[in-house]
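J.: can't give you the sequence, but here's the structure:
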């Protein structure tokens, strides 16, 4: 009995593409020695579990890849086909990270302990994790606005949150962003058009729920007065789950993507000047300066992290001395990092086993004038 010939049907090809795309998503570590891959979170296994969700319509992508949406302009048509073919390789699904496990619950609790002045924020995330257990089993769609004075640790908390959830993080400095194009892409008719941060984070990454940090969001409008376009315009759609589900980047208008799972963390020194309609889309938290005891705990954590970063745990004392904690009292988190870093360098240079934070290592005050 002769065997039937193997027929490479379009459906079979699509099934194989989907299978290989899923394997790339679920195996963050290289399967072949010597291959390169992004490092996973510390407690991740070789295989990453998590629900797969569709982020775009693969039929649209297939049609564009075959020239089905070509235009009169060859440059634009060629670019569309190139994007579509890249998306065919990466697949139409992405993982939902931040799966609710005992390990995730422990990391959120540790985040609350290490950042006590952000306790209310950590408790909100813990509640979302509980709700996720009855939904898609992943922490998705956070919309947090952290408001507090400069140096209180807002950006640092956002970075540590990304580590705790184990999902990719993208930091967008809103004081320097190029109008609305930075988030929602630039118009396709420009020769240098490119997708925005949201489209790139989802389609180029492995997860449908990365964290996007909008740093100093209140400075955005002031830095773009007269620049044309509303730099926060795309956010109105992206922060609403229903409209975010069909988000179209201005550079890739032919392909709606599902951006509702993205976790958003915005920081601001003040809410003055922010549109009430935009504020209503966030859960707003007023972040106080940490107490003296909490500030000392944060300073010790920063010091310990730097010892590990530079690999000098065996050369310097493992704890800050009381006089060093006193010398750092009243400093912002940003300034404390700089002072501790300088003090570690000075101790290593002098071959001492303890650091000494003194007035000579304090960050210089800014002065106006020529003296």
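T.: Thanks, I have it. A quick note: this is a predicted structure, and the numbers were derived from the prediction, not measured.
J.: pull the residues that contact the helix or strand where residue 345 lies.
T.: Here residue 345, judged by DSSP states H and E, is contained in helix 333-349. Residues from elsewhere that reach helix 333-349 (Cβ atoms under 8 Å, 6 or more residues apart in numbering): 150-153, 156, 298-299, 302-303, 306-307, 310, 312, 315-316, 324, 328, 331, 353-357, 361-363. Every residue, glycine included, has its C-beta placed from N, CA and C.
J.: next, the buried residues of it.
T.: Within helix 333-349, the residues that count as buried by 16 or more other Cβ atoms under 10 Å are 333, 336, 337, 339, 340, 341, 342, 343, 344, 346, 347.
J.: of the residues you listed, which is the nearest to residue 82?
T.: residue 337 (42.3 Å; Cβ to Cβ).
J.: for residue 89, see how far away that closest one is.
T.: 41 Å (Cβ to Cβ, to the nearest Å).
J.: one more: residue 255?
T.: Relative to residue 89, and taking Cβ to Cβ, residue 255 is found at 15 Å.
J.: after the least confident helix or strand in the chain by mean pLDDT, which helix or strand is next?
T.: None of the helices or strands of the chain scores lower by mean pLDDT, DSSP states H and E than helix 220-223, at a mean of 59. Counting by DSSP H and E, the next helix or strand C-terminal to helix 220-223 is helix 233-238.
J.: quick check: mean pLDDT across that following helix?
T.: For helix 233-238, mean pLDDT is 90.
J.: same question, stretch 157-170
T.: Here stretch 157-170 scores 93 as its mean pLDDT.
J.: now do stretch 199-207
T.: Mean predicted confidence for stretch 199-207 is 93.
J.: so for it, what gets flagged as buried?
T.: Buried, per 16+ other Cβ under 10 Å, within stretch 199-207: 199, 201, 202, 203, 205, 206, 207.
J.: likewise stretch 306-313?
T.: 306, 307.
J.: quick one: secondary structure of residue 53?
T.: Secondary structure assignment for residue 53 (DSSP: H, G, I helix; E, B strand; the rest coil): strand.
J.: does it touch residue 93 like I think?
T.: Yes - with contact defined as Cβ atoms under 8 Å, residue 53 reaches residue 93; the gap is 6.3 Å.
J.: what about the stretch 1-150 of the chain, any weak spots by pLDDT?
T.: Filtered on pLDDT under 70, the stretch 1-150 of the chain yields the residue ranges 1-10, 13-49, 69-75.
J.: again, only this time at 50
T.: Judged by pLDDT under 50, the stretch 1-150 of the chain has its weakly predicted residues at 1-4, 6-7, 30-46.
J.: which parts of it are strands?
T.: Using DSSP state E, counting those that start in this stretch, the strands of the stretch 1-150 of the chain run over residues 52-54, 93-95, 143-147.
J.: again, but for the stretch 151-300 of the chain
T.: Under DSSP E, counting those that start in this stretch, the stretch 151-300 of the chain gives strands at 169-173, 211-215, 263-268, 283-286.
J.: if the residue nearest in space to the middle of the chain is in a bridge, with which residues?
T.: By Cα atoms, centre = their mean, the chain has its centre lying nearest to residue 169, at 1.9 Å. In this entry, residue 169 is beta-bridged to residue 211, by DSSP bridges.
J.: quick one: it and residue 210 touch, right?
T.: Yes - shown here, residue 169 and residue 210 form a contact pair, counting by Cβ under 8 Å, at 6.6 Å.
J.: neighbours around residue 358, how many?
T.: 13 (other Cβ atoms under 10 Å).
J.: OK, contacts around it?
T.: residue 327.
J.: closest one of the buried residues of stretch 199-207 to residue 83?
T.: Using Cβ to Cβ, those come closest to residue 83 at residue 203, 8.7 Å.
J.: how near is the closest one to residue 61?
T.: In terms of Cβ to Cβ, residue 203 sits 10 Å off from residue 61.
J.: same check, this time on residue 329
T.: Counting by Cβ to Cβ, the gap from residue 329 to residue 61 is 57 Å.
J.: just to revisit the earlier point, from the contacts of helix 333-349, which land in strands?
T.: Using DSSP state E, no member of the contacts of helix 333-349 falls in strands.
J.: now the buried members of the residues you listed.
T.: 151-153, 156, 298-299, 302-303, 306-307, 316, 324, 328, 331, 355, 357, 361.
J.: ranges for the helices of the stretch 151-300 of the chain?
T.: Using DSSP state H, counting those that start in this stretch, the helices assigned to the stretch 151-300 of the chain run over residues 154-165, 181-184, 197-203, 220-223, 233-238, 241-244, 276-279, 292-310.
J.: what packs against the fifth one?
T.: On a contact count with 3 or more Cβ pairs under 8 Å, 6 or more residues apart in numbering; DSSP states H and E, helix 233-238 meets helix 181-184, helix 241-244, helix 276-279.
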